[in-house]
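> Show me the folded form of this:
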Amino acid sequence: MPSIPNVAGVERYMERSRGIGIALALLCLFILGAMPILAVARPIRFDGLTFSIWLTVWQLLAALPLFTFESVRARSSLPVILGRGRTLVITLVTGAMFGLSTYMFVVAADKAGPVSMMIALQAYPLFAMLWEMLFFGKRKSPAELGFTLLMIVALIYLTTEGTFRIAGISWWSAFALCIPLIWSIAHILLRQVLTTTAITPNQVTISRLVISGIFLLLLYLAIGPPGSLIDATFAIDMQKAALILGVAYYLELILWFYAMRHIDVSLASSVTVPAPAVTMLLSVLFLGDEIETYQIGAMALVAIAMYGLLFAGRRVRRATPS
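Alright, predicted model coming up:
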């Protein structure tokens, strides 16, 4: 998740409460765990790109009420939020990256399976740490490097379906790893915008969705099946699936932002670590999937690595003079 800017608006008046922050993070946990299941609920007669466009539309519609309230209150508009010059370029590039990752999310959930994809998404801290070391010169402690190595082993175990052999690689699981890779790059690019502009989390989300939607439409014009976008407009089952996932996607984003108003990122992250276990449970209950032993093993190793990284990072911060 990106860093939280110094925001203005309604959230400024919310008092910090550890209980509220943990409750919001728990809601994020269950939504995150359910999202891969919702992604495979689309009617099979429609392709992933068409579904991605419509779920982006529903995300945007879900965000509009709060955006309208904040815009009237602050007398701002979308052009102001998008910014100018370098900020505008970063906003456009990252919006396109998030649009691509949305499409990849839908495809990976279908091809790799909800459980394997959800485990692969836990690689986000690994990529974020890599960029911090390369571009910001942040040195990591031996403990952090050790838990990072454990996560790498877990992801190799997952992508080779428990064999550790190149011949056993699941290329769709490897494809799913590209999603957190894109997220981490986009968040690094957004870092300056988020920390130097006084815009609200919902306004960040709106600008991102507008650009993502335009990018996906252009991609559809290039490679999309002719007529499917129009057909989906009048397909009730398609719109229902896109609406549910779109609203869930938006709620997870905005609830995460607001959770950060009450608790530290490390605490919120520790609450959401078991998201793959939620996905496993839901896939068994609602899809009738069978969970493979290697998936359970990979999930356990990733959870240990995640909690280890959070604990090691907290120790480093405490030991660093303020």
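
> The strand or helix carrying residue 311 - contacts with which helices or strands?
Using DSSP states H and E, the element containing residue 311 is helix 293-319. Counting contacts by 3 or more Cβ pairs under 8 Å, 6 or more residues apart in numbering; DSSP states H and E, helix 293-319 is packed against helix 114-121, helix 124-135, helix 142-159, helix 265-272, helix 275-282. Just so you know, the C-beta spots here come from the backbone N, C-alpha and C atoms, and that holds for glycine as well.

> Quick check: which of those helices is buried the most?
Greatest average neighbour count among the helices and strands packed on helix 293-319 goes to helix 114-121 (a mean of 27), per mean count of other Cβ atoms under 10 Å.

> quick revisit: avg pLDDT for the helix holding residue 311?
Mean pLDDT, helix 293-319: 88.

> mind listing what's buried in that helix?
Residues of helix 293-319 classed as buried by neighbour count (16 or more other Cβ atoms under 10 Å): 294-296, 298-299, 301-303, 305-306, 308-310, 312-313.

> between it and helix 142-159, how many degrees?
160 degrees (axes from the mean of the first three to the mean of the last three Cα atoms, to 10 degrees).

> and of the buried residues of helix 293-319, the nearest to residue 276?
For the buried residues of helix 293-319, the residue nearest residue 276 by Cβ to Cβ is residue 299; the value is 4.7 Å.

> Name the nearest residue to the closest one, sequence neighbours excluded.
residue 276 (4.7 Å; Cβ to Cβ, 6 or more residues apart in numbering).

> was I right about that neighbour contacting residue 118?
Yes - at 4.5 Å, residue 276 counts as touching residue 118 under the criterion of Cβ atoms under 8 Å.

> and residue 270, what does it touch?
Taking Cβ atoms under 8 Å, 6 or more residues apart in numbering, we find residue 270 in contact with 306-307, 310.

> cutoff 6 Å now
Going by Cβ atoms under 6 Å, 6 or more residues apart in numbering, residue 270 touches residue 310.

> Could you report the pLDDT at the residue nearest to residue 299?
Reading off the model, residue 276 has pLDDT 96.

> Equivalent analysis for the one 5 residues further on, please.
As predicted, residue 281 sits at a pLDDT of 96.

> Okay then, goodbye and thanks.
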